[in-house]
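after the sequence you'll find the predicted model.
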Amino acid sequence: MHLTPHDIGVSEHLGFYSDAIEVAPNVRWLVTAGTPGFAPDGTLPPDFATQAENAWDNVKRILEEAGFSLSDLVKVNTSVTSADDIEPYKDIRRQALGDLKPAFMLQVIPGMIRPEILIEVEAWAAQPLNGDA
């Protein structure tokens, strides 16, 4: 296996994620930029939940386009602009990832590059070279 979780019990006090993920040598990496919740047609929904769902759909599309999958995720960094969105985001993230537990960080920031953007998801993925497991 190219990804090995390491949990020391800290994450279980905050949410469903791993404290750390060890990546085996000889992998290819994919790092996404902060990915907001634009729809495929370029529109940005006004509500947080739809933006969050779209952001995860965009991350999935990026992974697939590069030949990766959600199971290759190592680390996810998420920025939201309101602490009120933390609880609904936990459910949206869980729907997106299922039982996968990459290392995870969630932060509340004062704003994004455009004020109507309410969330950005950055993802790091690793995959064995040449299909090695």
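Yes, it's here. Numbering: from 1, shown residues only.

give me phi/psi at the residue most central in space within the chain?
For the chain, the residue nearest the mean C-alpha position is residue 76 (3.9 Å; C-alpha atoms, centre = their mean). The phi/psi pair for residue 76 (degrees, to the nearest 10) reads phi -130, psi 130.

mind listing the strands in this protein by residue range?
For the chain, the strands defined by DSSP state E cover 3-6, 20-23, 27-31, 35-36, 73-80, 103-108, 119-128.

show me what the third one is in contact with.
This points to strand 27-31. Outside of strand 27-31, the residues within contact range by C-beta atoms under 8 Å, 6 or more residues apart in numbering are 2, 62-63, 66, 68, 72, 122-129. The C-beta positions use only the backbone N, C-alpha and C, and glycine is treated the same way.

which one of those residues sits closest to residue 26?
residue 129 (5.0 Å; C-beta to C-beta).

which residues sit in contact with that closest one?
Residue 129 neighbours (C-beta under 8 Å, 6+ apart): 26-28.

ok, residue 120 next?
Counting by C-beta under 8 Å, 6+ apart, residue 120 has contacts 34-36, 55, 78-79, 112.

burial of the closest residue to it other than its chain neighbours, as a residue count?
Distances taken as C-beta to C-beta, 6 or more residues apart in numbering place residue 34 nearest to residue 120, at 3.6 Å, with adjacent residues excluded. Residues lying near residue 34 (other C-beta atoms under 10 Å) number 16.

same check on residue 70?
17.

now residue 49
16.

give me the nearest residue to it, chain neighbours excluded.
That would be residue 88: by C-beta to C-beta, 6+ apart, it lies 5.9 Å from residue 49.
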